[in-house]
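> give me coordinates for this.
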Amino acid sequence: MEEIVISAPFQVTDEQIEMIEKQLSERPYRVTFICAENDWRDTLAHIPPTAKLIVSRGGLGAFLHEQTELPYVQIPITPYDLLREVAVATQEGDQTIVVLLYASLIEQTEAYTLSLNDRAVHVLRYHQKDELERMLDEHRGEFLIGDRRAVAAAGQKGLRATLLRSGHEALEQAIEQAVRTLEIQHRERAKRKELELIIGSMTQAVIVIDELEHIKTYNEHAVTLFPSLKKSNAYREVVRHEALQKQVETMEEKRKVVTVGGQQLIVTTVPTMSGAIQWFEAIQDVQQLELKIRKELYDKGLVAKHTFADVLTVNAELQQTIEEAKLFARSEGTVLIYGETGTGKELFAQSIHNASKRQHQPFVSVNCGALNEALLESELFGYEEGAFTGARKGGRSGLLELAHEGTLFLDEINEMSRSFQTKMLRVLQEQEVRRVGGERNIPINVRLICATNVPIADLIEEGEFKADFYYRIATLPLNISPLRDRKEDIAVLAEHFLHIEMRRENRQITLADSSVLEPLIAYPWYGNSRELQNWIRRLVITYPEQTLTRAGVEAFLERSTERTEEVTVRVSESYKQMEKELWQKLYAQFQGTKEEFCKTYGISLTTLWRRISE
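Take a look at the predicted model:
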């Protein structure tokens, strides 16, 4: 049990003691009563070492609080106390009544006068002993009421004064305030202990500072950096770094790189309601952690590997597209990339992600054309245990959850069914996802980038794509021109791919002269950069010579492109019908397996089946 000391400058009555004990009967506190009618130092000596709080009043309370540093609750002077003593005084003569009280005992900052039973009552407050004595001299001959100090001073001057006692109401109020104070202390101690456990378990050095720049707590890692923590709790004496001191002074939330003891640190300062928290991380530790996180993301396939530096072009139009994409990277708006198969739509999507503020967060890529609606829903939304036959025990997070705080790239968005477009529209609007078979919504924060290889406006006219979903995903449209419209890029890319494939195949081929790759410029490259790279790879694997000549390129090009003579389709009002006919003719002319065809044109087997069958 915690002990409350009640020390009053008057004798507490048995009735008051009984009232207080009853008030605390069901609470974990006990009370010690100390009468302080005489020497205050004698009162101080009787305070037990187990005391947690003092209840007193006036100068006595201030003295005990200063000497013990224990929390102090003042017994108030209530209107009932004042009226009770004044009522007695009005029955004893007709003098003016003067009440002298220590300043802290009454709330009013100025003296005031009231009238009771046609008698004037002056209530005065004093701060110092000489001020009290001056008041006593000024009011000789009047009826004096005061606290213990005023009564004692009056007696030394030969004056009669009545002690103003605190009644039941005042003591009851003080006890309630004492209990509330101790309960607040309990909560604060529990919070402090929890905070110490938290920062003690942290691998970084942590210092907690109050609003007066005193260090409230810290962990052992902080002592390693600042040994003087064991000697001082003054922040400026411990952390002798002007920039960090300024952050604490201004309570700015900032991260700063500083050098402490020859070690480079990242210091984060975060303001709190009662001061600030600073934690210190070694730069090499942060770098190692970032590498570990990025490795884990790589292992999961959740990292964007490419940047705008990987987009090779000398074409002015594509260079302008790159600049436009860089502006899009600064925004949080949804991007819709249009480009034919193999033009590098995912390359642009990854580059936008890596140039955005989400660059250190996951990048998740999904090919909508490779999955039917049910699979796409379970992949994107995830599912709860038992949601369907074969569902993983414990359920599974969806790709939308994995992309939280990062970027979700939906390729071949044109292949998404209208019903699933409705579900995705709701997710984008609400920024929440519900797993298949789940009952709760999971908040997400995802930046969406979509890609299509067909004009979606045509699909909207044919009723194949929802207009409201299109307007939601096409906030920032980006068009990538096909390789046949960028002929100046063909030789540049071909030479780049040649070096890549030679490294991959561990083979060295020398170009006979600068015109060797020029024959490639005349070819239309319907599969764009992807088709060009695959052609270069076949060349590196099968070309019999060590020196590549122009004639050799022409011959190899003629042999390997016999199957891709010009393809024509009939003009139809249905874009879907024209697309179907185009893919059927391309596939019919292709001399190879379905897998090779899909690899050449950058589509999945599911997409191929859908495009030639539907």
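> make it CA atoms for all contacts and neighbour counts henceforth
Will do.
> check contacts around Phe280.
Applying C-alpha atoms under 8 Å, 6 or more residues apart in numbering, one finds that Phe280 lies in contact with 204-206, 265-268.
> quickly list what the nearest residue to it once chain neighbours are set aside is bridged to.
Distance criterion C-alpha to C-alpha, 6 or more residues apart in numbering; nearest residue to Phe280, sequence neighbours excluded, is Val267 at 4.6 Å. As for beta bridges, Val267 partners with Lys256, Phe280 under DSSP bridges.
> PyMOL command for the buried members of the contacts of Phe280?
Those of the contacts of Phe280 that count as buried under 16 or more other C-alpha atoms under 10 Å are selected in PyMOL with:
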select buried, resi 204+205+206+265+266+267+268
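> now flag whichever of the contacts of Phe280 is closest to Leu476.
Leu476 lies nearest to Thr268 out of the contacts of Phe280, by C-alpha to C-alpha, at 35.3 Å.
> surely that closest one touches Lys254?
Yes. With contact defined as C-alpha atoms under 8 Å, Thr268 counts as touching Lys254 (5.8 Å).
> need the residues touching each of the two.
Going by C-alpha under 8 Å, 6+ apart, no residue sits against Thr268 while also sitting against Lys254.
> before we move on, the earlier item: so what's the residue nearest to Phe280 up against?
By C-alpha under 8 Å, 6+ apart, the residues touching Val267 are 255-258, 278-281.
> report the contact partners of Glu495.
Here Glu495 is in contact with Leu517 (C-alpha under 8 Å, 6+ apart).
> list phi and psi for it.
phi -70, psi -40 (degrees, to the nearest 10).
> contacts only, for Tyr587.
Residues in contact with Tyr587 (C-alpha under 8 Å, 6+ apart) are Phe597.
> again with Arg447
For Arg447, the residues meeting the contact criterion (C-alpha under 8 Å, 6+ apart) are 332-334, 405-408.
> just the closest of the residues you listed to Asp39, please.
The nearest member of those to Asp39, counting by C-alpha to C-alpha, is Glu405 at 68.6 Å.
> phi, psi for the closest one please.
According to degrees, to the nearest 10, Glu405 has phi 70, psi 0.
> got a list of what Ile473 touches?
Applying C-alpha under 8 Å, 6+ apart to Ile473 gives the contacts 334-336, 448-450.
> near Ala150, how many other residues are there?
Close neighbours of Ala150, defined as other C-alpha atoms under 10 Å, add up to 26.
> now it, nearest residue through space, not along the chain?
Nearest one to Ala150, counting by C-alpha to C-alpha, 6+ apart, is Leu100 at 6.5 Å.
> try Arg486
Leaving aside its chain neighbours, Arg486 sits nearest to Asn315 (6.1 Å; criterion: C-alpha to C-alpha, 6+ apart).
> let me see the contact set for Met416.
Met416 makes contact with 368-369, 373, according to C-alpha under 8 Å, 6+ apart.
> element containing Leu82, please.
Using DSSP states H and E, Leu82 maps to helix 79-89.
> from the chain's centroid, how far away is the following helix or strand past that helix?
Sequence-wise, the next helix or strand downstream of helix 79-89 (DSSP H and E) is strand 97-102. Centroid displacement of strand 97-102 relative to its chain, using C-alpha atoms, centre = their mean, to the nearest Å, is 57 Å.
> strand partners (parallel or antiparallel) of strand 97-102?
Partners of strand 97-102 in the sheet, by DSSP bridges, are strand 119-126 (parallel), strand 143-146 (parallel).
> now the longest one and helix 79-89, what's the angle there?
Right, the one you point to is strand 119-126. Between strand 119-126 and helix 79-89, the angle comes out at 130 degrees (axes from the mean of the first three to the mean of the last three C-alpha atoms, to 10 degrees).
> sec struct for Leu425, please.
Classification of Leu425 by DSSP: H, G, I helix; E, B strand; the rest coil places it in helix.
> between the strands paired with strand 97-102, which gets nearest to Leu44?
Closest to Leu44 of the strands paired with strand 97-102 is strand 143-146 (C-alpha to C-alpha; 22.4 Å).
> avg pLDDT for the closest one?
The pLDDT scores in strand 143-146 average 85.
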